[in-house]
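> Sequence and predicted structure below; questions after.
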Amino acid sequence: MPQPSPGLFDDQAPRPLADRLRPTSLAEVTGQDHLLGPSGPLARMVAARAISSMVLWGPPGTGKTTIARLLAGASDLHFEAVSAIQGGVADLRKVFEAAKGRRITGRGTLLFVDEIHRFNRAQQDAFLPYIEDGTIVLVGATTENPSFELNGAILSRVRVFILNALDADALRVLLTRAEALMDRPLPLAPEAREALVDMAGGDGRYMLNMAEQIFALAQGENLGIEDMGQLLQRRMPSHDKAGDGHYDLLSAFHKSLRGSDPHAALYYAARMINAGESPEAVFRRLACAASEDVGMADPQAMVQVMTAWGAFDRIGWPEGRLFLAQAINYVATAPKSNASYMGWYAAMAAAQRSAHVAPPMRILNAPTKLMKEMGRKAGYQYDHDYPDAYAGQQFLPDDLAGAEFYEPNERGFERDVRRRLDYWSGLKAKRNGGA
């Protein structure tokens with residue numbers, strides 16, 4: 001529903017610290033330089049005064065509402081906000097009618113829809129005619145993957161921008177601003193301050209709410225980690241996500257996967273989750289292991305990890321632990337090969353040595369008559385015209401003829417790949433006059 005008008009005494013009412021610290025310009029927004037930096041797409045929209053409809057997708061506390069407000073202000077659009085949790089189509093109709101009236105007077109409307117994914121498909125369709133005729137500029141905010149939660153008609157009319165969880169540097173900037181506003185330092189020891197940043201999990205609003213409690217409740221000397229945890233009634237992480245403990249557990253987890261020990265891999269993953277590590281960090285390491293250490297020995301390992309990760313993003317906790325555990329067990333028990341990984345580095349080394357070497361003319365396209373006269377594509381053999389769909393051509397530059405970078409081993413699916421390559425190698429030798 002539309003937001004209520006400000007009351008007579010609103011300016012005198014107490015406001016949360018996070019609200020008082022809302023940026024007043026896009027330049028003050030932290031952690032989203034990829035969108036708001038000088039070359040970022042949102043910064044370019046503002047510079048051109050051409051704000052298009054969009055969806056801001058990102059975790060909580062990353063500035064979606066703030067960015068929408070500031071985009072409206074920077075482009076002189078009336079800002080209207082509705083919540084998909086509280087509003088319905090009847091409320092939207094009122095907003096659309098008001099926007100039509102404004103448009104007649106020459107002023108546009110930026111409609112911010114919080115939790116837009118909570119509108120069903122039919123409700124989402126209500127936006128379409130007003131986006132198309134320019135009555136509104138729609139800015140939707142969602143913590144869910146728009147590809148799953150928004151219908152295709154909406155997605156075809158908006159741009160999706162991904163907001164990052166705030167990194168440690170961005171969160172530290174927010175703490176510094178909070179201290180300036182409060183005109184006193186946050187009463188925390190250095191290690192407790194860093195633990196507070198870790199606890200936020202990339203959510204700036206959550207961290208500022210905790211900081212506000214500390215400002216209000218802390219007495220006496222600066223609090224250590226345990227004292228802060230007791231004050232906030234939150235269990236403190238047992239490892240520092242920004243320090244050695246973080247990397248030690250990640251290293252132990254990855255090596256357990258590589259060493260085909262699902263028991264240890266599950267244990268270290270559980271250690272990290274219990275300590276406050278984000279599940280995304282565990283999934284990232286799983287994806288790396290699925291490629292670096294399993295690779296082509298079982299190509300399904302990457303599929304399993306990415307499917308589990310997508311299911312986790314869509315469903316979340318507590319069911320998400322099932323997807324995480326399944327992916328861990330799959331990668332840990334899969335056959336192992338680093339042949340793809342090693343092949344890449346061998347190819348990189350060769351590419352650096354031979355950057356000046358041109359590909360064979362026969363495999364270059366010749367879209368013009370002149371290019372054909374130059375000999376491009378002359379002698380190219382279309383593989384599907386040959387038995388086994390294999391012509392046995394040389395694709396590498398002549399200087400690298402016969403070089404091999406990918407050397408599959410005899411484990412898992414890669415055993416079949418090895419046999420296939422050997423078979424093709426034999427065909428190539430025969431067709432080129434070899435033994």
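The structure has been received and is ready for your questions.
> got the contact list for the nearest residue to Y382 once chain neighbours are set aside?
With Cβ to Cβ, 6 or more residues apart in numbering as the criterion, Y382 has its nearest non-adjacent residue at 7.3 Å, and that residue is A391. Backbone N, C-alpha and C define where each C-beta goes, glycine included. Counting by Cβ atoms under 8 Å, 6 or more residues apart in numbering, A391 touches 381-383, 385, 431.
> between these, which is closest to F161?
Distance to F161 across these (Cβ to Cβ) is lowest for D383, with 41.6 Å.
> Can you verify my assumption that the closest one contacts F395?
No: assessed by Cβ atoms under 8 Å, D383 is found out of contact with F395, at 10.7 Å.
> how long is stretch 357-376 end to end?
In stretch 357-376, first residue to last residue: 16 Å (Cα to Cα, to the nearest Å).
> next one: that stretch to chain centre, how far?
40 Å (Cα atoms, centre = their mean, to the nearest Å).
> Please apply the same query to stretch 194-204.
Using Cα atoms, centre = their mean, the offset of stretch 194-204 from its chain centre is 18 Å.
> what does stretch 105-125 give?
24 Å.
> which residue ranges form the strands in the chain?
For the chain, the strands defined by DSSP state E occupy 54-57, 78-83, 109-114, 136-142, 159-162.
> returning to that earlier point: export the contacts of A391 to CSV and tack on neighbour count, distance to I67 and pLDDT?
Output for those, formatted as CSV (neighbours: other Cβ atoms under 10 Å; distance: Cβ to Cβ, whole Å; pLDDT from 0 to 100):
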residue, neighbour count, distance to I67, pLDDT
Q381, 14, 54, 80
Y382, 9, 51, 81
D383, 12, 50, 78
D385, 8, 55, 80
R431, 15, 60, 74
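> Of all pairs in these, which one is the farthest apart?
By the measure Cβ to Cβ, Y382 and R431 form the most distant pair in those, at 14.1 Å.
> sorry, back to before: would you turn the strands of the chain into a markdown table with mean neighbour count, mean pLDDT and distance to N274?
What follows is the strands of the chain, written out as a markdown table (neighbours: other Cβ atoms under 10 Å; pLDDT from 0 to 100; distance: least, Cβ to Cβ, whole Å):
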| stretch | mean neighbour count | mean pLDDT | distance to N274 |
| --- | --- | --- | --- |
| strand 54-57 | 24 | 94 | 28 |
| strand 78-83 | 18 | 93 | 34 |
| strand 109-114 | 24 | 95 | 32 |
| strand 136-142 | 25 | 94 | 29 |
| strand 159-162 | 15 | 93 | 28 |
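> Go through the ones you listed and name the closest to A351.
Comparing those against A351 with Cβ to Cβ, the closest turns out to be strand 159-162 (31.1 Å).
> pLDDT weak spots in the stretch 101-250 of the chain?
The model of the stretch 101-250 of the chain has pLDDT under 70 over residues 234-247.
> at 90 what do you get?
Counting by pLDDT under 90, the ranges of the stretch 101-250 of the chain that qualify are 117-123, 143-153, 164-168, 190-192, 194-203, 206, 216-250.
> where exactly do the helices run in it?
In the stretch 101-250 of the chain, the helices defined using DSSP state H, counting those that start in this stretch lie at 121-125, 128-132, 146-149, 152-155, 168-182, 190-200, 204-217, 225-232, 244-258.
> Any chance of TSV for those helices, columns mean neighbour count and distance to S52?
Formatted as TSV, the helices of the stretch 101-250 of the chain follow (neighbours: other Cβ atoms under 10 Å; distance: least, Cβ to Cβ, whole Å):
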stretch	mean neighbour count	distance to S52
helix 121-125	14	18
helix 128-132	15	10
helix 146-149	16	15
helix 152-155	15	13
helix 168-182	17	26
helix 190-200	20	32
helix 204-217	18	26
helix 225-232	17	42
helix 244-258	18	39
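> could I get the ones you listed as CSV with distance to L70?
Formatted as CSV, the helices of the stretch 101-250 of the chain follow (distance: least, Cβ to Cβ, whole Å):
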stretch, distance to L70
helix 121-125, 25
helix 128-132, 21
helix 146-149, 21
helix 152-155, 23
helix 168-182, 16
helix 190-200, 22
helix 204-217, 15
helix 225-232, 31
helix 244-258, 33
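> out of these, nearest to A18?
Nearest to A18, of all the helices of the stretch 101-250 of the chain, is helix 204-217, at 4.1 Å by Cβ to Cβ.
> Test my guess that A366 contacts K377.
Yes: taking Cβ under 8 Å as the definition, A366 is a contact partner of K377 at 4.2 Å.
> Isn't F119 up against A84?
Yes: between F119 and A84 there is a contact under Cβ under 8 Å: 4.7 Å.
> low-confidence ranges in the stretch 301-435 of the chain?
Residues of the stretch 301-435 of the chain meeting the criterion pLDDT under 90: 313-321, 334-435.
> Tell me how far the residue nearest to Y382 lies from D385.
Note on A391: its distance to D385, by Cβ to Cβ, to the nearest Å, is 7 Å.
> do the same with G224
Counting by Cβ to Cβ, the separation of G224 from D385 is 75 Å.
> Give me the number of neighbouring residues for the residue nearest to N164 when sequence neighbours are not counted.
Residue nearest to N164 in three dimensions, not counting chain neighbours: G31, with 6.1 Å by Cβ to Cβ, 6+ apart. Neighbour count of G31, defined by other Cβ atoms under 10 Å: 24.
> likewise S337?
So S337, with other Cβ under 10 Å, has 25 neighbours.
> residues in contact with it?
With contact set as Cβ under 8 Å, 6+ apart, S337 has these partners: 293-297, 408-409, 411-412, 414.
> Report pLDDT for the nearest residue to it once chain neighbours are set aside.
Once flanking residues are discounted, S337 sits nearest to A297: 3.7 Å by Cβ to Cβ, 6+ apart. Reading off the confidence values, A297 has pLDDT 85.
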